[in-house]
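Enquirer: need a structure here:
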Amino acid sequence: MKEKGLTGFQLKLIGLILMVFDHIHEFFNYNGNIPVVFNWVGRIVAPIFMFTTIEGYTHTKSKKKYMLRLFVGSVIMNIGNSVIPRYFERPDDLGVMNNIFATLFMITVYLCIIDYIEQARNEKNGLKTFWGILLLIAPIALGMVFIMGASSGNMPLIYLALIIPTPIFVEGGPVFVLLGIILYMLRKDRKKLITGYIIMSLAFIFTGELSITGLFMENYQWMMVFAAPLLYLYNGQKGRGMKYLFYIFYPVHIYVFYIISCLMMK
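Expert: This is a model prediction of the structure:
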């Protein structure tokens, strides 16, 4: 590297490589023959893509187009996740739940709302600030509506839930969305960003069993803390412009892995 540190492209490339290991464990561990370390290294993947998405959102020339790409990716993944298991069914009934596009899109939605509220506060516009607060609540309220619709068998609401992401249903849930918001709000101070990220990562230790077995074999989400050095090494440069690599590679490798695992199990 000509410059010290890691570019955004290099961070994404690291994330893509480690993501493959994580999904190998997810789809091919039906005999328990894939080491859990594959999942360990996978814990740092989502934070890397959150971080690079926030950087992309911050520096893009068109936030609308940037968010639209994530939204389209989310919808395509939800359709694929529903359709492909109908034609390729695993004996253990494992479906496809992966859709990081929805999580990243939901994060950018909240970043837009935060920017709106900040602008309203700078303008000292109380009405706009009030609307901004309502917008913060709206995605969560919509998620609750989808839950009630699903419990009552309301098919239109169920189909809408497949199209419109909400913090409740996205991969990683509200915690990942909150993490993305915190990273965005601390983005101007790298030390504070890394400190906040480490604290949130290590907080996962207390969400499960605190024994050695629990921390390394079951409740190992805290290992996302090891993404901190990579985020710290980011040099602020975009790097190579291959914006569609992730959009294509992510769904393709997941569906290929899933189909292969179905054929292997049969």
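Enquirer: Next, work out how far apart the residue lying closest to Ile260 once chain neighbours are set aside and Phe88 are.
Expert: With CB to CB, 6 or more residues apart in numbering as the criterion, Ile260 has its nearest non-adjacent residue at 7.7 Å, and that residue is Phe27. Using the backbone N, CA and C atoms, a C-beta is placed for each residue, glycine as well. Phe27 sits 11 Å away from Phe88, going by CB to CB, to the nearest Å.
Enquirer: Which one's more surrounded, the two?
Expert: Taking other CB atoms under 10 Å, Phe27 and Phe88 do not tie; Phe27 has more neighbours (23 against 16).
Enquirer: wouldn't the more buried one be in contact with Val256 here?
Expert: No - if you go by CB atoms under 8 Å, Phe27 and Val256 don't touch, sitting 9.5 Å apart.
Enquirer: Wait, a helix at Asp93?
Expert: No - when the secondary structure is assigned by DSSP: H, G, I helix; E, B strand; the rest coil, Asp93 falls in coil instead of a helix.
Enquirer: Show the contacting residues for it.
Expert: Taking CB atoms under 8 Å, 6 or more residues apart in numbering, we find Asp93 in contact with no residue.
Enquirer: Got the phi and psi for it?
Expert: Phi and psi for Asp93, reported as degrees, to the nearest 10, are phi 60, psi 20.
Enquirer: which parts of stretch 119-126 are buried?
Expert: The neighbour-count check on stretch 119-126 (16 or more other CB atoms under 10 Å) flags Ala120 as buried.
Enquirer: Identify the residues contacting that stretch?
Expert: With CB under 8 Å, 6+ apart as the criterion, stretch 119-126 contacts 128-129, 131-132.
Enquirer: Mind pulling up the pLDDT for the closest residue to Ile48 other than its chain neighbours?
Expert: Distances taken as CB to CB, 6+ apart put Gly15 closest to Ile48, at 3.9 Å, once the chain neighbours are dropped. Per-residue pLDDT puts Gly15 at 95.
Enquirer: how many neighbours does Gly15 have?
Expert: Counted with other CB under 10 Å, Gly15 comes out at 25.
Enquirer: Wait, it touches Phe49, no?
Expert: Yes - taking contacts as CB under 8 Å, Gly15 lies within contact range of Phe49: 5.5 Å.
Enquirer: Out of the contacts of stretch 119-126, who's the most crowded?
Expert: Among the contacts of stretch 119-126, Gly132 has the most neighbours (other CB under 10 Å), with 19 neighbours.
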